[in-house]
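Participant: The sequence and its predicted three-dimensional model are supplied below.
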Amino acid sequence: MIEEQILSAYQDISRLTGQMLAVARNSEWDALVALERECSGIFAQLLNHDQEVPRSNDFQRRKAELIRGALDNDAEIRLLVEPWLTHLSELIGHSGRQHRLAQTYRPAE
């Protein structure tokens, strides 16, 4: 990939993490998962094409800015998602306990 294509991919990641943050703020978890998949796909392409070849200083600066922005978004997303994951874990644990109790105290057939 040439520098412009690589920066375009990082811009897409930055845009997507911004969208992910917006949907996380609105507790739109399904949309968050869909955007995360899209973002991961772009990132996987970058891992295959953004080789450690010498790049211009302007490229390196812009790339670093985009990565910092995406990481800032990611950090805030994680803060928003953690309570939801905790709640989900509690629901799953509660459901599992109910199932075990039902199995234990079910009348013999």
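Facilitator: Perfect, thanks for sending it. Numbers count the residues shown, from 1 in each chain.
Participant: Pull the distance from the lowest-mean-pLDDT helix or strand in the chain to the chain's centre.
Facilitator: Each helix and strand of the chain was given a mean pLDDT (mean pLDDT, DSSP states H and E); the minimum falls on helix 57-105 at a mean of 83. Computed by C-alpha atoms, centre = their mean, to the nearest Å, the chain-centroid distance of helix 57-105 equals 8 Å.
Participant: Please name every helix or strand in contact with that helix.
Facilitator: Helix 57-105 is packed against helix 3-25, helix 29-49, with contacts defined by 3 or more C-beta pairs under 8 Å, 6 or more residues apart in numbering; DSSP states H and E. Bear in mind the C-beta positions are built from the backbone N, C-alpha and C, glycine included.
Participant: can you give me the angle that helix makes with helix 29-49?
Facilitator: Helix 57-105 and helix 29-49 are oriented at 130 degrees to each other (axes from the mean of the first three to the mean of the last three C-alpha atoms, to 10 degrees).
Participant: Next, the angle from helix 57-105 to helix 3-25.
Facilitator: 40 degrees.
Participant: please renumber so the chain begins at 20
Facilitator: OK, 20 is where the count begins now, so the last one is helix 76-124.
Participant: Contact partners for the residue minimising distance to the centre of the chain?
Facilitator: For the chain, the residue nearest the mean C-alpha position is Glu55 (4.3 Å; C-alpha atoms, centre = their mean). Glu55 is in contact with Met39, counting by C-beta atoms under 8 Å, 6 or more residues apart in numbering.
Participant: now it: how far from Gln24?
Facilitator: 22 Å (C-beta to C-beta, to the nearest Å).
Participant: For the closest residue to Met20 other than its chain neighbours, report the pLDDT, please.
Facilitator: With sequence-adjacent residues excluded and distances taken as C-beta to C-beta, 6 or more residues apart in numbering, Met20 is closest to His68, at 4.0 Å. Note on His68: pLDDT of 75.
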